[in-house]
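**Student:** sequence first, predicted coordinates after that:
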Amino acid sequence: MMRKFIPGFRSKYLLLHSPLSQKCQSNPHKSLLSSIPSSFAFSHDRACSSTPEQEAKTSVLSNYLISTLKFSKSRALTVTNQYSYIKSLEKPEKTVLFFKGVGFSDAQVKYIASHMPSLLFASVEKTLKPKFVFLQELGLSGPRIGDVISRNPNILNYSLDRSLKPSVLLIKEVLTSDGKNRSEEKVRDDLCRILMRSNRISSSKSNLEANIDYLKSCGVCGSQLSVTLLQNPGLFVLRKEKILQLVKRALDMDFTMGSRMLVYGVLTLSRLSVKTLSGKFEVFGVFGFSKAEIVSMFRKSPIAFHISKEMLRSKLELYLSTLGIDKTLLVQHPVILSCSAEKRVIPRYKVVEKLKSMGLLSKGSSFYSAMCMSNENFLEKYILRFEKEAEELMLAYNDQLFNTSEKKELS
């Protein structure tokens, strides 16, 4: 009677008293599982492996990617494994034919397919064509639309009505309402630039609109808003909480709401973590700059803080130690730090010093103006107008008088 109330008793009893169990008990070092016939394990492995039909389909897709789209074998294998359920080449062939029909080059088609392989299996009629029609209505066609899509294939992944269309129309509105009176051609060019520079700019109209409205409330309006959108569209796709944090960091560094420099401070801070910026402050401190001076420099020229710590240290050594420039000049004009040492600072410094030694330039001449004017203006003002000395000055400008090893050390 007890056996009735013990679940599985009979099966356990039979197993424990089977010849297989007795065999294992006679050899305690051999597990029961190890005694299972190898034919069972073989049939299990075969069940888990690909069937000949599946392998053939995989091979067809892989061969297509390699022969038609010129994929590398490794990339073709990766995509094929990712889409192993694909049973036909019908969609990839239609998609490739569609892309080429709207003017895409072979290289562009390959790039799109490699970076966004899901598009190969999208519906041409329902997914791709409506988005191309919308972009063409905006005036994007031919090589221009090929450049945009190949640089940012994500555009074709977003919903036309919920994301792509409202986001692109909002961007266009910013460009056409900034007071610059752009031509239609210029609007199209700028729109293309924005779409190519951020693969998420058309992902969410609500997030884009919220960031635009917030930046307007900070005083970033009109042409400054459109220029910021053109140069750094990535800022507009950040979470609003992130932008709030960046603005707070800028305000903590003495930027003010409504200041035209605020957005440049925010952009620089978006690229520099608190730790990275602190490290650059430490470099300035080693050369005797106070915190107030460093903050003042950042506020005047945030771009000067884009360079690495190593480059910053090298340039400060050049300006303050090698060239003997007073650090107050850098505090007043920190943008000098963003100038190329080898291509601009050293050659121009040699010309200015040569002119001073010839008595043709006053010792109080502005180092800042000589460093920051255009090449054309510098050549005219500091070399070409001195006809007799022009050849010697040009030698100095071309660094012929500057020892090569010394040049490398300074730059």
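**Tutor:** The structure has been received and is ready for your questions. Residues are numbered from 1 along each chain as shown.

**Student:** use CA for all of it now, contacts and neighbours both
**Tutor:** Noted.

**Student:** measure the nearest residue to residue 117 once chain neighbours are set aside to residue 327 for me?
**Tutor:** Leaving aside its sequence neighbours, residue 117 sits nearest to residue 79 (CA to CA, 6 or more residues apart in numbering; 7.0 Å). In this view, residue 79 and residue 327 are 57 Å apart by CA to CA, to the nearest Å.

**Student:** quick one, which of those two is more surrounded?
**Tutor:** Using other CA atoms under 10 Å, the more surrounded residue of residue 79 and residue 327 is residue 79, with 21 against 17.

**Student:** isn't the more buried one right up against residue 119?
**Tutor:** No - distance between residue 79 and residue 119: 11.9 Å, which falls outside the contact criterion (CA atoms under 8 Å).

**Student:** what residue ranges in the protein score low on pLDDT?
**Tutor:** 1-58, 363-364, 399-411 (pLDDT under 70).

**Student:** what sits up against stretch 209-223?
**Tutor:** Residues outside stretch 209-223 that contact it (CA atoms under 8 Å, 6 or more residues apart in numbering): 170, 174, 177-180, 225, 236-237, 240, 243, 257-260, 263.

**Student:** after the helix or strand encompassing residue 328, next one along is what?
**Tutor:** According to DSSP states H and E, residue 328 maps onto helix 327-332. Sequence order places helix 346-357 as the next helix or strand after helix 327-332, per DSSP H and E.

**Student:** what's the host helix or strand of the residue nearest to residue 117 packed up against?
**Tutor:** Using DSSP H and E, residue 79 maps to helix 73-82. In terms of contact count using 3 or more CA pairs under 8 Å, 6 or more residues apart in numbering; DSSP states H and E, helix 73-82 is assigned the packing partners helix 52-67.

**Student:** picking that back up, which outside residues touch the helix holding residue 328?
**Tutor:** Contacts for helix 327-332 (CA under 8 Å, 6+ apart): 289, 293, 294, 296, 297, 320, 336, 337, 368.

**Student:** so which of those comes closest to residue 310?
**Tutor:** Distance to residue 310 across those (CA to CA) is lowest for residue 337, with 12.7 Å.

**Student:** what sits against that closest one?
**Tutor:** 304, 312, 315, 330.

**Student:** among the residues you listed, which two are most distant?
**Tutor:** Greatest spatial distance among the contacts of residue 337 (CA to CA): 312 and 330, at 12.3 Å.

**Student:** report the buried residues of stretch 156-168.
**Tutor:** Neighbour-count burial for stretch 156-168 flags 156, 157, 158, 160, 163, 164, 165, 166, 167, 168 (criterion: 16 or more other CA atoms under 10 Å).
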